[in-house]
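Asker: Quick one, what's the 3D model for this:
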Amino acid sequence: MELHDGQNRPITLEEAQRALYLDFEGRGPSEADPDPLPLIGGVCCEGDYTATAIDRSLDMISERPDVDFMPLDHFLGELLDQAKFEERRIVFWTSHERTLFTTRGYPPGDIGFDVRVPAKAHPELKHYFREFRSTNKKIRSAGLAKTTKGALRTKAFGLLAIIADDLGLKRPASYGPGFVGKWLRTMQEQNQLKCEAGYDRWSPSVKRNTTKLLKHNEHDCRATEYLLKWLLEH
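Answerer: Model (predicted):
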C-alpha cells in the first residue's frame, strides 16, 4: 500500500508505521518578526513522544524530566541524521517544516513527507480547508464580539486537530486552539524572570501552561500520524 500525491515521494504503510512525526511550536508571525523560528520541537516515533526546547529563551523547561534542550540547528541535524541512519521518513503537517530544514542548511530531500498535500486533495477532506479559511478570516475581522470569537476559536485554529477529531482522534481537554502564542510568551517571561532560580520556581500557572503546551504539541504529532494512516487506507 502506497500513498501517491505528485509532490512527495510516495510513502508506504510500513514507512508510515516507522516514521518520525514532527511538529514545531512557535509564537507566530508579527509585524516585528514576520517569520519567527520555532521554540519547541516534538517528535513521535513508534508510539513514543519526545519534546525538545530548541531556543535559549525556553531552556529552563529542560529541567523537567520529559523535556530535552538542543539548539535548533543541532536538533534539525540530529533528526535528519537519525532518519537517514535508521531509514525512516520525517513526516510533518505543512511545508513550513521542510522549508525550515532547507533554509537552515539541512535539506531533507525525499525523506520528508508533507501530509497537508494529499489531505488537501482528498475528496472527503477538501471541505475542511474551505471552512477553515472562511472561519479563520471571520475570527480576524474587525469589531467581532468577544463571545463570537470564543465560539469560533475551536474552528479557527488547528486545522489538523479539527480533521483528526472528526476522523476519530479526539482532541484532549488540554488542547488549546489559539492559545499557543500566549502560553509560549508566559513561558519565555518566566524563563527570563527565574533565570537564577530554576524551573522549580516558576509560577504554578505558567507550569500548567507548559504542560498544556507539551500535550498540545504531542497531540499534533499524533494527529499527523493518524491522518497519514487514514489517507493510506482511503
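Asker: what about the helices in this structure?
Answerer: 13-18, 72-85, 95-103, 116-121, 126-139, 146-156, 159-167, 180-193, 204-233 (DSSP state H).
Asker: Just put those helices in JSON lines and tack on distance to Cys44, mean pLDDT and mean neighbour count.
Answerer: For the C-beta atoms, the positions are set from N, CA and C on the backbone; glycine is no exception. Formatted as JSON lines, the helices of the chain follow (distance: least, C-beta to C-beta, whole Å; pLDDT from 0 to 100; neighbours: other C-beta atoms under 10 Å):
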{"stretch": "helix 13-18", "distance to Cys44": "11", "mean pLDDT": "98", "mean neighbour count": "15"}
{"stretch": "helix 72-85", "distance to Cys44": "12", "mean pLDDT": "98", "mean neighbour count": "16"}
{"stretch": "helix 95-103", "distance to Cys44": "14", "mean pLDDT": "95", "mean neighbour count": "17"}
{"stretch": "helix 116-121", "distance to Cys44": "17", "mean pLDDT": "97", "mean neighbour count": "18"}
{"stretch": "helix 126-139", "distance to Cys44": "22", "mean pLDDT": "92", "mean neighbour count": "14"}
{"stretch": "helix 146-156", "distance to Cys44": "23", "mean pLDDT": "80", "mean neighbour count": "14"}
{"stretch": "helix 159-167", "distance to Cys44": "13", "mean pLDDT": "96", "mean neighbour count": "20"}
{"stretch": "helix 180-193", "distance to Cys44": "18", "mean pLDDT": "96", "mean neighbour count": "18"}
{"stretch": "helix 204-233", "distance to Cys44": "4", "mean pLDDT": "97", "mean neighbour count": "20"}
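Asker: Determine which of the ones you listed approaches Asp5 most closely.
Answerer: Asp5 sits nearest to helix 116-121 of all those, at 4.0 Å, using C-beta to C-beta.
Asker: got the helices of the chain as TSV, with distance to Gly6 columns?
Answerer: Shown next, in TSV, are the helices of the chain (distance: least, C-beta to C-beta, whole Å):
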stretch	distance to Gly6
helix 13-18	18
helix 72-85	22
helix 95-103	14
helix 116-121	8
helix 126-139	16
helix 146-156	29
helix 159-167	20
helix 180-193	31
helix 204-233	14
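Asker: Looking at those helices, which is nearest to Pro34?
Answerer: Closest of those to Pro34 is helix 95-103, at 13.1 Å (criterion: C-beta to C-beta).
Asker: Who are the packing partners of the closest one?
Answerer: For helix 95-103, the packing partners by 3 or more C-beta pairs under 8 Å, 6 or more residues apart in numbering; DSSP states H and E come out as strand 20-25, helix 72-85, strand 112-114.
Asker: Tell me which of these lies nearest to Leu152.
Answerer: Among the helices and strands packed on helix 95-103, the nearest to Leu152 by C-beta to C-beta is strand 20-25 (21.7 Å).
Asker: Kind regards, and thank you for your time.
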